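Engineer: I would like the atomic coordinates for the input below:
(2 chains)
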Amino acid sequence: MPSLIELAIAVFLVIGGVFVFVGSLGLAKLPDTMRRLHGPTKATTLGIGALLAASILFFLVMQNAGGIHEVLITMFLFLTAPVSGNLIAKAYIFRHKDIQESLPPAGDRGGWATLGEQKPAERAQRQPQRRDGPSAVE
Amino acid sequence: MRIALIVLIPFIGAVIPPLAIRAGRNVCTAATAAVTGLALLLLLTDVPAVFSGRVPGLRVDWLPQAGLSFSFFIDGLGLFFAGLILVIGLLIIIYARFYLGRTDSMGRFFCYLLLFQGSMVGIVLSDNILLLVVFWELTSLSSFLLIGYWHHLPASRAGARMALIVTGAGGLALLGGMLLLGHIAGTFELSELLTRGEVVKSSPLYLPTLILILLGAFTKSAQFPFHVWLPHAMAAPTPVSAYLHSATMVKAGVFLLARLWPVLSGTPEWFLIVSATGLVTMVVAAWIALFKDDLKALLAFSTVSHLGLMTMLLGFGTPFGVIAAVFHVLNHATFKAALFMSAGIVDHEAGTRDIRRLGGLRRLMPVTSSLAIVTAASMAGVPLFNGFLSKEMMLEEAAHTVYAGQAWLFPIFATAGALLSAAYSARLVWCVFLGPKRQDYPRHPHDPPLGMWLPVAVLASAVVVIGLMPAIVAGALVERTASAAVGGALPQFHLAIWHGLTPALFMSGFALTGGLALLWAYSSLERLRLALPRPDGMTLFQGSVAGLVRSSRFVLGSLADGGLPRDLAVIVLTTAGLALAGYVQAGPGPLAGTRAALPATIPAVTGWLVLLLACGLIVRHHYDRLAALIIISVIGLVVSLAFLQFSAPDLALTQISVEIVTTILLLLALNLLPRTTPDESSTAGKLGAGALATTVGVGVAALAYAVMTRGTETISDYHIEQSKPAGGGTNVVNVILVDFRGFDTFGEIIVLSIAALTIFALLDSALHGAARRRIRTLRFLPRAGDPHPLLLTVVTRVLLPLSLVVGIYVLLRGHNMPGGGFIAGLIVAIALLMQYMASGYVWAHRRARMDAHAMIGGGVMLAGAAGLASLAFGRPFLTSTFGYFHVPLFGEIELASAMAFDIGVFFTVVGTCILSLATLSRVEERAEQASKQTQVKTGTGAP
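Structural biologist: Next comes the predicted model:
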């Protein structure tokens, strides 16, 4: 049933295209960094995932030549996108006082790691002293 | 082989004294004397051969393409000089044993002395004129070491530097002259060259050759106006002055003139330049010597004067002049070395060598005084001593010399020189040894130990014996030497005290009486001298050196002011000028070639637009260093995509991994630098730079267009064709790297290692001294609480084995598929760099048990060994071989010897990246610690 496979490939392609586009649009249009992060990390990852699925199907069924390329690409993508997003978010929080004030409580004893394992209220009072804690160098 | 040994023994023996000194000063002296004695003994075994008319020689090719060969020969002239050098050397060694103080390092002194001796013997025995220049330079270097022996004294250092600069510059001129001479004559072997005098003299290049060679000879032999270095070289210990600056080294110039006499002399140019220089030197230096109060300075200027005398005699261009010159070389070496040693004894025992503070030493130091008086009389030209004989011959020659149509010029000035010579000799004897005894000597003078005056006595007895029986003692030697120098038959001559009532006798008598009269009128003469202009050699020299430095600073400063814009502008303008010249010379032609253009696809155009955009952004944001770095990495990515587009996966892989490594390292470096570049250039400067950049950019684009639209024959096709059959690999890029052009790659990895070591060396100093203090003042922005986020750390650690496997895979498949040692090295380096970045320097460094230095060194050595292995099979360096083997489980695989080379490249690359990173992060770590400590201090101090 080649037509059904073709249909599936087409659907994946369309989904992929839409999400990649939406992700890019979000990156360009959303108002601040934290919101913009959603675009490339979530939407685009999903979009590229769909495109890769289409690729796998196409080569497997239509060309009879399955490979692990797409699997590897997926793996690297799923490893790198969250890490980059995580780092950007951390840097953004660290650099912006207003964001730090509005953070919800971390919910355990440690507090927000980015801010030096301290609860925001305490940190605001004793910020200078805390810089000697275990930080840049192990 | 024996001849080469005469030269090599002092060089080999030079290592002995520094070792022998541990067994004591006497053993050290004995060992040094034994070395010289052995060389002398070998030389003496050749005496019968030379005197029977044969010329023993040896020739081993060294660099036949350049005409340089390791060849020696002994003829009369070489034998004479070599004998002089070794005999006087032996005496000097004994003298130096007693002269050097307890605190002087005797081993070092004798080591330098033997090095000098070897170089000097090398000069006089060389058969190859280029080899002669090599030894010539070696004497300059070893004399530099000897003059600067007391390197704690500023005068020693200044004198040594001056001697090195003057004689070294002369050596350079000599090299030029010798190359020209060899070019004209068609041979660099002296024994052949000496027979081709006519060819040389008729060549249009004769005059430049002559001038260059004379520059070399005149600087070495301290001829006016290059004599300035010799008096300052007297800062050396007296044995050095006696040996180098009276008996041997300064005679090298005279030797060279005598050696090349058959080739160069006999022309009007030779006569006009050489004889006049000699005459001026003789008179001027004798005049200066008369007024010197320092004993050694007096002797130094007297040496210059006598060297002028020998130069003048050789300049006459007559065989009789050569005989007189050779005879005077012998006589001067005996009496002047003895006088220098006597001056050293006086200095040693009386504590001063200032003539004004000495006098009456005849009674206190009878032995030294009588020896010194005998030798000084010889210097003055008193009959019955050897100096009289050669001076008489000189005056005889001068009396018959007509210079530029003037028959009176030479006789009068030669007599004046002799007169001044008598005067300063008389002053020396009178003021130091005769006269009343004084009470105010700095030390109580008395005769030195036997070892110190014995060498003087040997020379003084030679002075007397030659003076009394010249024909018997020196006749045969002088004849053999002079005939070798002339290169043919000599006229009839007879060394004798009495020649009848000749003009020379009257001139000589006049000179002696006049000299004594001058001494009588010394005080009024001194007033005359003070009224004359007296340029000081050292001031002039330092002035000219300072002028040279200033002018080169000016030239360099106008080319490169330390700023990048100026540097680049000079390079770009030079290149553009050359390109334009080439274009104009080739004549106008169409810009576009005939080759069809590729279609402009959407990806290509997009990439091109991104590149343009990125370049524009850099121009706009270049002052923000971080932004500039990010934009530059965009350019790198687009370029690697372009490589992919044009089917160059190797290049794309390399480009992308280099890009990553560079960006990481630059980020680390940027952390230590200011965030922005201050804007220092004016608007006009910016506009000018912009105009230049645009013009040149358009030019390069046009050039690229012109080249790319023409189908040219390149070597690429050959490489692609031969890759599999000749190199055994299907990846032509890798085969080129490791096989076809392996030598290039070998050079490149060495450059890479040097770069890494330079980074290490430069930044290692940042941990000490001024740089460290500056780094400690750096203030960093507060760091995040978790510098090593869990997510990143875990991901990089999980990826590490995978990346290493990929790296090894890429390395192994490199010969046939895209990959190879370079790319694999970069991939592995990135995998390791990621660990450093994610988990911190300390964590990674503690776990990475690898020595980056060893990796670099090992890599280069492995690559070198892989190249050398082919030598064992009689093939050229880096020849690669390959074969196909059947390995169980893997099947048929190909193994190439180039693989070992590639692994060497791999390790060098990994080591380079790790070393650069480790060095940078070490500095950074220190800086951050300092920054944190300061923050803590200020923090606790705040209310």
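Engineer: what ranges do the helices span in the stretch 651-800 of chain B?
Structural biologist: Secondary structure of the stretch 651-800 of chain B, counting by DSSP state H, counting those that start in this stretch: helices at B:683-708, B:716-727, B:732-735, B:742-764, B:769-776, B:790-813.
Engineer: oh sorry, the question was meant for chain A
Structural biologist: A:2-29, A:33-36, A:38, A:44-57, A:69-95, A:97-102, A:120-126 (DSSP state H).
Engineer: so where's chain A uncertain?
Structural biologist: A:1-2, A:66, A:108-110, A:116-138 (pLDDT under 70).
Engineer: could you list the domains of it?
Structural biologist: A:2-95, A:107-138 (automatic domain parsing).
Engineer: which one of these lies nearest to chain B?
Structural biologist: Closest to chain B of the domains of chain A, according to C-beta to the nearest C-beta: domain A:107-138, at 3.1 Å. C-beta coordinates here come from the backbone N, C-alpha and C atoms, glycine included.
Engineer: which secondary structure elements does the helix or strand hosting B:Gly825 contact?
Structural biologist: Applying DSSP states H and E as the criterion places B:Gly825 in helix B:821-839. Packing partners of helix B:821-839 (3 or more C-beta pairs under 8 Å, 6 or more residues apart in numbering or on different chains; DSSP states H and E): helix B:649-670, helix B:790-813, helix B:841-847, helix B:898-941.
Engineer: recalculate using a threshold of 10 Å.
Structural biologist: When contacts are defined as 3 or more C-beta pairs under 10 Å, 6 or more residues apart in numbering or on different chains; DSSP states H and E, helix B:821-839 packs onto helix B:649-670, helix B:732-735, helix B:742-764, helix B:790-813, helix B:841-847, helix B:852-872, helix B:898-941.
Engineer: can I get the ones you listed in TSV including mean neighbour count and distance to chain A?
Structural biologist: Below are the helices and strands packed on helix B:821-839 laid out as TSV (neighbours: other C-beta atoms under 10 Å in any protein chain shown; distance: least, C-beta to the nearest C-beta, whole Å):
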stretch	mean neighbour count	distance to chain A
helix B:649-670	19	13
helix B:732-735	24	22
helix B:742-764	17	18
helix B:790-813	16	5
helix B:841-847	16	5
helix B:852-872	18	20
helix B:898-941	21	3
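Engineer: distance to B:Pro56 and mean pLDDT for the ones you listed - can I get that in CSV?
Structural biologist: Formatted as CSV, the helices and strands packed on helix B:821-839 follow (distance: least, C-beta to C-beta, whole Å; pLDDT from 0 to 100):
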stretch, distance to B:Pro56, mean pLDDT
helix B:649-670, 61, 89
helix B:732-735, 55, 84
helix B:742-764, 43, 90
helix B:790-813, 60, 89
helix B:841-847, 66, 80
helix B:852-872, 36, 88
helix B:898-941, 49, 79
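Engineer: JSON lines for the ones you listed, including distance to B:Leu358?
Structural biologist: Below are those laid out as JSON lines (distance: least, C-beta to C-beta, whole Å):
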{"stretch": "helix B:649-670", "distance to B:Leu358": "67"}
{"stretch": "helix B:732-735", "distance to B:Leu358": "81"}
{"stretch": "helix B:742-764", "distance to B:Leu358": "54"}
{"stretch": "helix B:790-813", "distance to B:Leu358": "81"}
{"stretch": "helix B:841-847", "distance to B:Leu358": "71"}
{"stretch": "helix B:852-872", "distance to B:Leu358": "62"}
{"stretch": "helix B:898-941", "distance to B:Leu358": "63"}
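Engineer: B:Ile147: which of those helices is closest?
Structural biologist: helix B:742-764 (32.5 Å; C-beta to C-beta).
Engineer: can you name every helix or strand that that closest one contacts?
Structural biologist: Contact here means 3+ C-beta pairs under 10 Å, 6+ apart; on that basis helix B:742-764 packs against helix B:649-670, helix B:769-776, helix B:821-839, helix B:852-872, helix B:898-941.
Engineer: quick one: contacts of stretch B:715-733?
Structural biologist: Contact with stretch B:715-733 is made by B:648-651, B:654, B:734-742, B:813-820, B:822-823, B:880-884, B:894-899, as judged by C-beta atoms under 10 Å, 6 or more residues apart in numbering or on different chains.
Engineer: so what touches stretch A:24-37?
Structural biologist: Stretch A:24-37 is contacted by residues A:38-44, A:47, A:84-86, A:88-89, A:91-93, A:95-96, A:99 when judged by C-beta under 10 Å, 6+ apart.
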